[in-house]
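*Asks:* Just to be clear, the model below is a prediction. Sequence and coordinates:
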Amino acid sequence: MGKITGFKEFDRKEIGYAPVEERIKHYNEFTKPLAKEKLEEQAARCMECGIPFCHSNYGCPLGNIIPQFNDQVYRGKWENAFRTLMSTNNFPEFTGRVCPATCETACVLGINDKPVTIKNIELAIIEKAYRKGWMKPRPPKNRSGKTVAVVGSGPAGLAAANQLNKAGHSVTVYERDRRIGGLVRYGIPNFKLDKKDVVQRRVDLMREEGVEFVTNAHIGVDMSAKELADKYDAIVLAGGATLPRDLPIENRDAKGIYFAMEFLGQSNSRVEGDKIAQDKEILATGKHVVVIGGGDTGSDCVGTSVRQHAASITQIELLPKAPSERTEQMPWPLYPRVFRLSTSQAEGCTMDFNILSKSFIKNEEDHVTGINCVRIEWEEKSPGVLGGFEEIPGSEFVLKADIVFLAMGFLGPEQSGVVKELELQTDSRSNVQTDNRYETSQKGIFSAGDMRRGQSLVVWAIAEGRECARAVDEYLIQRTSRLNAISKSLCER
């Protein structure tokens, strides 16, 4: 490392945010990046730690070569840092914005100090690459003559398509929605990840490199999956885990109760200029909002409701509030389940934990007006491990609700459509089952991302897409994949 004592000389400094009263007036990104000199100081904090856990299995699923690009940034060799980053990560402009930075919680410096700001440095590298023109189309010099269909254009599908195109195969991506991007397009709000200037920018570059995109194509519903299998030499299924967890309690049929992705997807479409039929609109404007679920998706519902000028917003969670710091049950370098106030939650909502929803309340027009709730107490089977829970007598209360968003996670991929038509085997959690080479029970058909592993992080989806692409390449050319060599060559340029 160039600055061995850097971690002693410089304190951790993070990007800033626009004031709440300003940023809630729009759906644009509101981060304030650090200056180049400050970023180089932050990169200098990277220690010569011996074993860089940041890019081990405890840290980055992609295996980003973090110490190397930190050193390159510190030395002002930003283009070299860009090559290093792109050798392992297809979409650092996504992960640099929405990844929970598992690399930072595994940083060795974080044992007794604040970890290196790896995520901020990663984002700065890729954005500088776009400004400087280093990030440009690089179509393959030769084509293999093999064709691949990728079903689903989320981060896993895009990563697989990008890698397979690099290997020289002709790739077509099929997306059931009208725009490319899947989760990063429709699930994550614009104020966290801009669609035109970030997502579409990357899709356009992939198109220039030779990847074809087909939208409004729901494979297994609008188009036959079997016909697709006959047409292409291989198929990658990356449809995600889109089946939401429901809350089947009394009066669930009341109007005004929506799955989170219905709300978020429509809001993102509206921000991109789509016209929504008045009788189909899902708006929090002027309403008392209740979000059920305390994770990232629930937080996104909060931030979106704030911008739609909700009358009030309450977010409830069945589980207890997480501790503010690591406990003995969450030792370094494991990713800790600690309480983190999201930027959306900081914009204005009431949060409550250990809350069980007993039944919805509806009026004569069958519209939701509230939720009957009760406070619960969890049994701790062992330190940090929860057992069952019991209702606390006399703790019943009613939450006023004009609109409710269910954000309790996802059960797995939809079982109809392509899974049913192709008669794919699934595992005990209903995910598409594959062997260790990402191949499903049907020869030549592969799967990656949430569709294969269940609901997970964007960074894991990209990692899965890359590994699946390597397996598909080996299947098509009947020899060791060239993709590792391509990545290594890029890193060494």
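*Replies:* Noted; the coordinates are in hand.
*Asks:* only C-alpha atoms for contact and neighbour calcs from this point on.
*Replies:* OK.
*Asks:* Tell me where the model's unsure across the protein.
*Replies:* Within the chain, the stretches with pLDDT under 70 are 1, 485-493.
*Asks:* now for the helix of greatest length in it, which elements pack on it?
*Replies:* Ranked by number of residues, the top helix in the chain under DSSP state H is helix 458-477. Under the contact definition 3 or more C-alpha pairs under 8 Å, 6 or more residues apart in numbering; DSSP states H and E, helix 458-477 sits against helix 92-98, helix 155-166, strand 234-237, strand 445-447.
*Asks:* Now that P320 has come up, it's in contact with F353, right?
*Replies:* Yes. Counting by C-alpha atoms under 8 Å, P320 touches F353, with 5.3 Å between them.
*Asks:* who's more crowded, the two?
*Replies:* F353 (17 against 14; other C-alpha atoms under 10 Å).
*Asks:* Let me see the contact set for that one.
*Replies:* 316-321 (C-alpha atoms under 8 Å, 6 or more residues apart in numbering).
*Asks:* again with D366
*Replies:* Per C-alpha under 8 Å, 6+ apart, neighbours of D366: 254-255.
*Asks:* hang on, the earlier thing: would you mind listing the outside residues contacting the longest helix of the chain?
*Replies:* Here helix 458-477 has contacts from 60-62, 89-91, 94-95, 98-99, 146, 155-161, 163-164, 167, 233-234, 236, 437-438, 444, 446-450, 480-483, using C-alpha under 8 Å, 6+ apart.
*Asks:* So which of the helices and strands packed on helix 458-477 is nearest V368?
*Replies:* Closest to V368 of the helices and strands packed on helix 458-477, according to C-alpha to C-alpha: helix 92-98, at 32.7 Å.
*Asks:* who does the strand or helix carrying C373 pair up with?
*Replies:* C373 is part of strand 368-382, with elements assigned from DSSP states H and E. Sheet partners assigned to strand 368-382 using DSSP bridges are listed as strand 355-362 (antiparallel), strand 385-391 (antiparallel), strand 397-400 (antiparallel).
*Asks:* Make TSV out of these and add mean neighbour count and distance to Y335.
*Replies:* Formatted as TSV, the strands paired with strand 368-382 follow (neighbours: other C-alpha atoms under 10 Å; distance: least, C-alpha to C-alpha, whole Å):
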stretch	mean neighbour count	distance to Y335
strand 355-362	20	25
strand 385-391	12	16
strand 397-400	16	33
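*Asks:* picking up where we left off before, show me how to select, in PyMOL, the buried members of the contacts of helix 458-477.
*Replies:* Only the buried entries of these go into this PyMOL selection, using 16 or more other C-alpha atoms under 10 Å:
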select buried, resi 60+61+62+89+90+91+94+95+98+155+156+157+158+159+160+161+163+164+167+233+234+236+437+438+444+446+447+448+449+450+481+482+483
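*Asks:* buried stuff in stretch 45-54?
*Replies:* With burial defined by 16+ other C-alpha under 10 Å, the residues of stretch 45-54 counted as buried are 45-48, 52-54.
*Asks:* Off-centre distance for it?
*Replies:* Offset of stretch 45-54 from its chain centre (C-alpha atoms, centre = their mean, to the nearest Å): 26 Å.
*Asks:* same question, stretch 415-434
*Replies:* Its chain's C-alpha centre and that of stretch 415-434 lie 22 Å apart, by C-alpha atoms, centre = their mean.
*Asks:* Next, the distance between the ends of that stretch.
*Replies:* Distance across stretch 415-434, first residue to last, is 16 Å (C-alpha to C-alpha, to the nearest Å).
*Asks:* Compute the number of surrounding residues for S428.
*Replies:* 7.
*Asks:* actually I66, sorry about that
*Replies:* Considering only other C-alpha under 10 Å, I66 is surrounded by 24 other residues.
*Asks:* now the longest helix of the chain and helix 155-166, what's the angle there?
*Replies:* Relative orientation of helix 458-477 and helix 155-166, computed by axes from the mean of the first three to the mean of the last three C-alpha atoms, to 10 degrees: 40 degrees.
*Asks:* can you dump the C-alpha coordinates of helix 458-477 into CSV?
*Replies:* The C-alpha trace of helix 458-477 is given here as CSV (Å, rounded to 0.1, in the frame of the first residue of the first chain):
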residue,chain,number,x,y,z
VAL,A,458,-28.1,-6.7,-6.0
VAL,A,459,-24.4,-7.6,-5.5
TRP,A,460,-25.3,-11.2,-5.1
ALA,A,461,-27.4,-11.1,-8.2
ILE,A,462,-24.5,-9.7,-10.2
ALA,A,463,-22.2,-12.3,-8.8
GLU,A,464,-24.6,-15.1,-9.7
GLY,A,465,-25.1,-13.7,-13.2
ARG,A,466,-21.3,-13.7,-13.8
GLU,A,467,-20.8,-17.3,-12.5
CYS,A,468,-23.8,-18.5,-14.5
ALA,A,469,-22.4,-16.9,-17.6
ARG,A,470,-19.1,-18.7,-17.1
ALA,A,471,-21.0,-22.1,-16.9
VAL,A,472,-23.0,-21.3,-20.0
ASP,A,473,-19.9,-20.4,-21.9
GLU,A,474,-18.2,-23.7,-21.0
TYR,A,475,-21.4,-25.5,-22.0
LEU,A,476,-21.5,-23.8,-25.4
ILE,A,477,-17.8,-24.1,-26.3
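*Asks:* starting at the chain centroid, how far to it?
*Replies:* From the chain centre to the centre of helix 458-477 is a distance of 17 Å (C-alpha atoms, centre = their mean).
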